[in-house]
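prediction below, plus the sequence it came from.
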Amino acid sequence: MSRTLVLTLLLSLVPSLAAAQTAPSLPAGASPASLPAAEQATVNVIDRALGSVLYITTAAPSSGQGTFSSPLFADPREEGDQGTGSGFFIDAQGFALTNYHVVEGATRITVNLRGSRQDFSARVVGTAPDYDLALIQVQGVPAGLIRPLPFGDSDALRVGQTTIALGAPFGLQFSATSGIVSAVERSVPTGVRQIAQNAIQTDAAVNPGNSGGPLLDSSGRVIGINTQILSPAGAATGIGQSAGVGFAVPSNVAQRLLPGLRAGRTIVGPVIGVTLTPFELTDLSEQAREQYRLPRAGALVSQVQPGGPAAQAGVRGGAARVQTPLGAVFLGGDVITAANGQLVETNADLREFLFGRQAGERVTLTVNRAGQTLTLPVTLAAGTPPPAGNR
């Protein structure tokens, strides 16, 4: 026997010998497979919830161009662009939530379920492009395979709570990772227009393929829908991967949008009917602020849509047309400084506030008009869906 072989055999025996000498003896009647109560509870939650998770495969018209055309060979473009993601059942009728970017532009949606080898087709019912949410219905699924997940209250979350992320990272179906709630009400650009909205931050590993999957609490309730990650490595390689900073759309946002999604609507953020300047007040010189009697912070209204909510409430746009490097704007209009008492310091603050509301809701705007403070009630209107592919 060679020296190398002997060393290999000895090294392989050492762990076993050490384990035999150091392993604690099991209590009488205990099973080697028993787990601590807290760990067993997590296992049970994941085992139940994975039966509710969808592995989604999509096909869309190909954006590529074939290298040649021949009747002898299949054109790879016929398969279209392929994509994968996740989702989860929300009721016994086969309705399921996922991310809008998972099904955007899809001409075919195929769903696989844990415990079944069958492919199921699905259709898009309603979408919320600005919130990165979509409602689909999986068709032909036996009732026994539809296991809806209950919703939790995302407004009641506390930093440090346990989180469980389910989905198909890198196409690895029905995977689970765990972590904690790292932050609540984290402002993150979301949806097709990348408008900042509140999101749940978690350190549970979330990767490409987890999109649309549920983020659960320790009781197995949905507290969020996984949507995106912060990936420094992805910026360099073009392939996102977990850096321990994942974000989820709060479950309460999804529940608020569900009636419209079930009705087959395309939901976008509400509007007040104004055009803001393409710059912030802090970008202006002191001289310009003094000339137009503008405060140092707020959302500066350039134009007001005739007949729109803001116009009906008495909000005024600017009267002085000024050419800037960012295009023509109208200065001298109202500056929105608060909404429902919530401070508005930038254009993004106002947009974020609006995206947390619904069309038809009445809000109170505080505006600065040439140094005078006014309070104006405004009823929000439904926005216009963004053009397809507008990101």
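Cool, the structure landed.

now do the buried residues in stretch 280-298.
Residues of stretch 280-298 classed as buried: E280, L281, L284, Y292, L294, A297, G298 (neighbour count, 16 or more other CB atoms under 10 Å). The way it works is simple: take the backbone N, C-alpha and C, and place the C-beta from them, glycine included.

mind jotting down where the strands sit in the stretch 151-300 of the chain?
Assigned by DSSP state E, counting those that start in this stretch, the strands in the stretch 151-300 of the chain fall at 162-167, 175-190, 195-202, 214-216, 222-229, 246-250, 274-276, 299-304.

can you add mean neighbour count and distance to N340 and give these back as TSV?
Supplementary listing: the strands of the stretch 151-300 of the chain in TSV, determined by neighbours: other CB atoms under 10 Å; distance: least, CB to CB, whole Å:
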stretch	mean neighbour count	distance to N340
strand 162-167	24	30
strand 175-190	18	15
strand 195-202	23	15
strand 214-216	29	28
strand 222-229	26	24
strand 246-250	27	19
strand 274-276	20	17
strand 299-304	23	14
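
L354: which of these is closest?
strand 195-202 (8.7 Å; CB to CB).

between the closest one and strand 246-250, how many degrees?
110 degrees (axes from the mean of the first three to the mean of the last three CA atoms, to 10 degrees).

which neighbouring elements make contact with strand 195-202?
Secondary-structure packing of strand 195-202 (3 or more CB pairs under 8 Å, 6 or more residues apart in numbering; DSSP states H and E): strand 175-190, strand 222-229, strand 246-250, helix 347-355.

state the distance from the residue most central in space within the chain to G333.
Most central in the chain under CA atoms, centre = their mean is T227, positioned 3.2 Å from the mean C-alpha point. Relative to G333, T227 is positioned 35 Å away (CB to CB, to the nearest Å).

cool, and L281?
12 Å.

ok, now A359?
24 Å.

between the two, which one's more packed in?
The neighbour count for A359 versus G333, taken as other CB atoms under 10 Å, is higher for G333 (27 against 16).

what sits against the more buried one?
By CB atoms under 8 Å, 6 or more residues apart in numbering, the residues touching G333 are L300, V301, S302, Q303, V304, R316, G317, G318, A319.

again with G115
Neighbouring residues of G115 by CB under 8 Å, 6+ apart: G51, L145.

what about 6 Å?
Going by CB atoms under 6 Å, 6 or more residues apart in numbering, G115 touches no other residue.

quick check: next helix or strand after the lowest-mean-pLDDT helix or strand in the chain?
Taking mean pLDDT, DSSP states H and E as the measure, the helix or strand of the chain with the lowest value is helix 3-22, at a mean of 34. As assigned by DSSP states H and E, the chain's next helix or strand after helix 3-22 is helix 37-50.

buried residues, that following helix. List them.
T42, V45, I46, A49, L50.

and which of these is nearest V222?
Set against V222, the nearest of the buried residues of helix 37-50 by CB to CB is A49 (8.9 Å).

burial check on the closest residue to the closest one other than its chain neighbours, number of neighbours?
With CB to CB, 6 or more residues apart in numbering as the criterion, A49 has its nearest non-adjacent residue at 5.2 Å, and that residue is G220. G220: 20 surrounding residues under other CB under 10 Å.

hang on, isn't G220 packed against V45?
Yes: between G220 and V45 there is a contact under CB atoms under 6 Å: 4.2 Å.

residue ranges with poor pLDDT in the stretch 1-150 of the chain?
By pLDDT under 70, the low-scoring segments of the stretch 1-150 of the chain are 1-33, 62-80.
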